[in-house]
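>>> Below are the sequence and a predicted model; questions follow.
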Amino acid sequence: MLIVEACPIADMIEAAAFPELAAEYVRESLIDGMPQPAPDWNAYAALEAAGLLHGFAASVDGELVGFIAVLRAKLPRYAEPIAVSESFFVASAHRGTGAGLKLLRAAEDKARALGCPGFLVSAPAEGVLAQVLPRRGYAETNRVFFKGLTDA
């Protein structure tokens, strides 16, 4: 049975399935030229403790199959806080089960509860998520460009 619920980041990373899930996430989303991810778990904990980061986990029969983290930010340009997906991933074997949509809805509900007027989600340009989001009411508003600076 699929369950999506609020979950501290520390609990997610302690899940038995997390290392493989994180490795799959890196394989699908690493930007060419960016270094390998090296998460600062203390920073995640500090953001959670400050009420600025909120995690949600999707599990099937007790096994972690996906996650989303909602980051609430106060940008100087806007009068209201903005919600952003810091990380969002569902294992390929569990796509089509509704896990991703349930995680997205949980994140949207949290963003609403935090007083955010909208929710920003980034997705790899040619990835599955970029195809799904427009069907869920999301509009492409910007494009992000990257230039590696170590070889420039």
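Everything's here; your move.
>>> What strands flank the lengthiest strand in the chain, and is each parallel or antiparallel?
Using DSSP state E, we find that the single longest strand of the chain is strand 63-73. Paired neighbours of strand 63-73 in the sheet (DSSP bridges): strand 53-60 (antiparallel), strand 82-90 (antiparallel).
>>> Make JSON lines out of those strands and add mean neighbour count, mean pLDDT and distance to Val26.
For every residue, glycine as well, the C-beta is placed using N, CA and C. Output for these, formatted as JSON lines (neighbours: other CB atoms under 10 Å; pLDDT from 0 to 100; distance: least, CB to CB, whole Å):
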{"stretch": "strand 53-60", "mean neighbour count": "22", "mean pLDDT": "98", "distance to Val26": "18"}
{"stretch": "strand 82-90", "mean neighbour count": "21", "mean pLDDT": "96", "distance to Val26": "10"}
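>>> Could you save these as JSON lines and add columns showing distance to Asp11?
Below are these laid out as JSON lines (distance: least, CB to CB, whole Å):
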{"stretch": "strand 53-60", "distance to Asp11": "7"}
{"stretch": "strand 82-90", "distance to Asp11": "15"}
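>>> So which of those is nearest Pro117?
Smallest distance to Pro117 across the strands paired with strand 63-73 (CB to CB): 7.9 Å, for strand 82-90.
>>> Could you pull out the buried residues of the next helix or strand after the closest one?
Using DSSP states H and E, the helix or strand that follows strand 82-90 in sequence is helix 99-113. Within helix 99-113, the residues scored as buried using 16 or more other CB atoms under 10 Å are 99-100, 102-104, 106-108, 110-111.
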